[in-house]
Structure formats: structure tokens, C-alpha cells
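Undergrad: I need the structure of the sequence given here:
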Amino acid sequence: MAKSFVTVVVCTILLLVACAVIAPSSVSGGALAGSLPFAAIIAIVGLGQLLVVQQGGFDLSLAGAVSLAVVTATHEAHQDDAQLLYAVSLAFSFAIAAGLVNGILIAFFRLNAIIATIGMNALLYGGVFAVCGGTPSITTDLLAGISNGQVIGIPNSVVFALAALILVSFGLKKTVIGRRFEAIGANPLAARAVGLRVQLYELMAYVCAQLLYCLAGVLIAGITREPTAFQGDTLLLPSVAVVVLGGTSLLGGRGFPISTVVAAFFLNQLSQFALAIGVPYSAQTIIQALALGFGIAVYSVRWTWSANISLKNFNLGGKT
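TA: Numbering: from 1, shown residues only. Got it, this is the predicted structure:
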């Protein structure tokens, strides 16, 4: 935890220094106030992806899940504040159903996670078009007020992201369920041998991930006055990137929620910096891919170094 946290914090500080020197406009008060809500969205979906990656999988249904939450929160409310609770509840019901199907297919029927979640993504987009018919709708005033409001100067979207971080961190690090969850991700065969209910924990990972995607989608529906039906498409790559940059192993096991949230701010600020120096918006995906590649490279070097040290110690032990 300490190494990954220090690494991402140092990188973030260096990035902020570079922004202040090269592109001061990217770290102005207005720029930060405008970008923090989107960093919060990336952090929330990143936490969801983190839970799945900890179980050795990838959730490629994120895009469809976020998009379905967006259109459900806007279209089912019919621009009527009185119907917002129903619309949001329906969105979370869809999320639970999608998470259960993903979890059952992957944990109980042993379907490959990538294949299962790609299929679920197609199904969710079918739901998107069934709800909205491909046409955008204006969000309700209440949802816009909640998503764009502030608490003691902090955007509500950031407050929701911090709340999600606290829940995930506490659940993973301070509870028996969380410790078992990490142990199962690190070695499911050993966990099964000692009697842990591996399949149930894997199922929980996909359900909780979908709930976080839904939260992000509902917030997007409020932040964006007239969101499109494809709002989730731009979040899949960043969600994986921040998990990797946060130091979580792609092979499963321990995860680092705090580092993941800091990485979300780093990635979002990197995009703002690139825009400020004239990099076209169309190149954002390339920047995110490079960040993901950098994170994987750092992880690979760290893993190789650790393996070499362990092998060296083993050999020295054999000689003695």
C-alpha cells in the first residue's frame, strides 16, 4: 500500500508542478472546480473496477452500465422532480440485476469474465435504447442541483466519491469479509481449500461494481444537463488505468482504494494539462492508453524485481 500510494502521490505532485509552470490555466481555481466532478466520476467507476480486478477479472460491461443509469435517471423521471426517486431506484435495480447475472455466469458457470461482461455490455446497451430510443432527455432540476451542488465548498460529486472511497476502504481493510475477499482474489484455490465461499465473494464483487457504476451514471445525469446515451463509453479505459496506476495487481489479490482515487485525479489532471498545451481532445484516449501502459510497465518491473530478490534470498538460503 505504502509504495503504490507514495508513487502515485509523487507523480501527482510532479504533474501539478508541471501544470503550474507550463500551463497555469490548467490548475486555476475555475479549471479545478470544473474538472473535479469528472475526476470524482472516474474515481467511482475505478473503485468498481478495482473490486472486480481484485478477483482476477475485468468488467467490460461498465460502459453499458453507466449509460443505462444515465438514461434511466433522465428519461424515467420525465423532467419531474417527484419521479426522480423512482427513476434512480429503477436504475439501481437494473444495476443489481446486471451484477447478479455477471456474477452467476462468472462465479458459478465459470464463464470467462471478459466474454461474460462483453455480452452483458451488449445487453445493457439494448436496455439503453429500450429506455431512451436513442434520443437524449433533459435531467430534472433536483438531480442537477444535487450533482452540481456543494458542501462547504466541496462539489457534491466529490463528496459522493469520498463516501464511496470510505465504504470500499473500510469494507476491504477493516472487516473480516474484506480480508476474506482479498484472500480469495490472491489465491482462490487455497481459499476454497480452507472453506471460504469463493463463488459468493466473486458474485459480490460484480454486484458492488455495478452499484458503483450506477452511482457514477446518476451523477453524470445531473452534471450533464442533457446527457447522451453513450456517456459510459469514455470511462472504460480510465477505470482500468486508475486501478493499475493505483498499484492493484491485475492477477487479483490486494487492492488499494485510496491510491486508485488519487490516480483518478492524476489521470484527469493529465488530460486537462494536455488540453491546456494544445493537444486535441481526440488524443485523450491515446493519453489514457499511455498512462495504462506506464502503470503496467511499472507494475511489471516491480514484480520482476521482487521475484529476483526472492529467488536470490532462496539461493542464499540454500547455500547456507
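Undergrad: So the residue positioned nearest the centre of the chain: helix, strand or coil?
TA: Ranked by distance to the mean C-alpha position of the chain (C-alpha atoms, centre = their mean), the top residue is G46 at 1.5 Å. Using DSSP: H, G, I helix; E, B strand; the rest coil, the three-state assignment for G46 comes out as helix.
Undergrad: Give me the neighbour count for the closest residue in space to it that isn't next to it in sequence.
TA: Setting aside the residues directly before and after it, G46 is nearest to V242 in space (C-beta to C-beta, 6 or more residues apart in numbering), at 3.9 Å. In short, each C-beta sits where N, CA and C put it, glycine included. V242 is surrounded by 33 other residues when neighbours are defined as other C-beta atoms under 10 Å.
Undergrad: does V242 belong to a helix or a strand, and which?
TA: helix 236-245 (DSSP states H and E).
Undergrad: Which residues does that helix contact?
TA: Contacts of helix 236-245 with the rest of the structure, by C-beta atoms under 8 Å, 6 or more residues apart in numbering, involve 8, 42-43, 45-46, 48-50, 53, 58, 60, 62-63, 250, 255, 259-261, 263-264, 266-267, 285, 288-289, 291-292, 294-296, 299.
Undergrad: do the same with stretch 174-184
TA: Around stretch 174-184, the neighbours that count as contacts under C-beta under 8 Å, 6+ apart are 54-55, 170-173, 190-191, 196, 198, 201-202, 204-205, 253-255.
Undergrad: List the buried residues in it.
TA: Of the residues in stretch 174-184, those with enough neighbours to count as buried (16 or more other C-beta atoms under 10 Å) are 178, 180-184.
Undergrad: just stretch 65-81 next, same as before
TA: Judged by neighbour count using 16+ other C-beta under 10 Å, the buried positions of stretch 65-81 are 65-77.
Undergrad: do the same with stretch 232-246
TA: Of the residues in stretch 232-246, those scored as buried under the neighbour-count criterion (16+ other C-beta under 10 Å) are 232, 234-246.
Undergrad: that older thread, which strands and helices sit next to the next helix or strand after the helix holding V242?
TA: Along the chain past helix 236-245, the next helix or strand (assigned with DSSP H and E) turns out to be helix 257-276. The elements that helix 257-276 packs onto, with contact taken as 3 or more C-beta pairs under 8 Å, 6 or more residues apart in numbering; DSSP states H and E, are helix 2-22, helix 29-54, helix 156-173, helix 236-245, helix 284-319.
Undergrad: between helix 257-276 and helix 2-22, how big is the angle?
TA: If you take axes from the mean of the first three to the mean of the last three C-alpha atoms, to 10 degrees, helix 257-276 sits at 20 degrees to helix 2-22.
Undergrad: on that earlier part again, want to throw the helices and strands packed on helix 257-276 into JSON lines with distance to V101 and mean pLDDT?
TA: Converted to JSON lines, these look like this (distance: least, C-beta to C-beta, whole Å; pLDDT from 0 to 100):
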{"stretch": "helix 2-22", "distance to V101": "32", "mean pLDDT": "89"}
{"stretch": "helix 29-54", "distance to V101": "14", "mean pLDDT": "94"}
{"stretch": "helix 156-173", "distance to V101": "22", "mean pLDDT": "96"}
{"stretch": "helix 236-245", "distance to V101": "19", "mean pLDDT": "93"}
{"stretch": "helix 284-319", "distance to V101": "27", "mean pLDDT": "61"}
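Undergrad: so which of the ones you listed is the most packed in?
TA: Across these, the average number of neighbours (mean count of other C-beta atoms under 10 Å) peaks for helix 236-245, which reaches a mean of 27.
Undergrad: C-alpha coordinates for that helix, PDB please?
TA: Taking C-alpha atoms only, helix 236-245 is exported to PDB below (Å, rounded to 0.1, in the frame of the first residue of the first chain):
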ATOM      1  CA  LEU A 236     -13.900   2.000 -19.500                       C
ATOM      2  CA  LEU A 237     -10.300   2.700 -20.300                       C
ATOM      3  CA  PRO A 238      -9.800   5.200 -17.500                       C
ATOM      4  CA  SER A 239     -11.400   2.800 -15.000                       C
ATOM      5  CA  VAL A 240      -8.700   0.200 -15.700                       C
ATOM      6  CA  ALA A 241      -5.900   2.800 -15.900                       C
ATOM      7  CA  VAL A 242      -6.500   4.200 -12.400                       C
ATOM      8  CA  VAL A 243      -6.700   0.700 -10.900                       C
ATOM      9  CA  VAL A 244      -3.300  -0.200 -12.500                       C
ATOM     10  CA  LEU A 245      -1.800   3.200 -11.600                       C
END
